[in-house]
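In: Here is my input, please return the structure:
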Amino acid sequence: MIENILYREMVAEDIPAVVGIEEEAFPTPWTTEIFEHEMNGNEYAYYVVAEVDNEVIGHMGMWIVLDECHITNVAVREHMRGNGIGEGLMRECMDFCKELAVRTMTLEVRLTNSTAQNLYRKLGFQDGGIRKNYYSDDHEDALVMWVELI
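Out: Now for the predicted structure:
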């Protein structure tokens, strides 16, 4: 396990690193323009990065509206996966939401991504339903998962 991980709010200067992580992690990654809009034009968006030795190695995004949170993305650099960074990002964001009195968190995850599903279940998420043809790249279905925080 890596011990010197810093979790902090994402800033504009992190966007190039975050886009690089997206490109490693997802078949249809979010672009620089999407993250710029999220940071500058979406009042509901909140992003956290994981950093080791001044290198951004993971990120998590969410939209918080009233007492609900929707997780938009979670990704970790390929060579850093398996070190608890994704779990750390999730716990950091769950704690942040609890401070804001957010009641529930939801997310979609590919039906074939059992690794992520296992992490979410470990953190208390439950299966909520299926979104048919959710992913635009291959039309894979998504599993909707949710957790009550308070």
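
In: excluding its backbone neighbours, what's nearest A17?
Out: Once flanking residues are discounted, A17 sits nearest to V56: 3.8 Å by CB to CB, 6 or more residues apart in numbering. C-beta: built from backbone N, CA, C; applies to glycine.

In: Give the partner strands of the host helix or strand of that neighbour in its sheet and their orientations.
Out: Using DSSP states H and E, V56 sits in strand 55-65. Here strand 55-65 has these sheet partners by DSSP bridges: strand 45-52 (antiparallel), strand 68-76 (antiparallel).

In: how close does the closest residue to P16 other than its chain neighbours get to N54?
Out: Using CB to CB, 6+ apart and skipping the chain neighbours, the partner closest in space to P16 is T32 (7.3 Å). To N54, T32 is 20 Å away according to CB to CB, to the nearest Å.

In: what's the single longest helix in this structure?
Out: Criterion DSSP state H: the longest helix present in the chain is helix 85-99.
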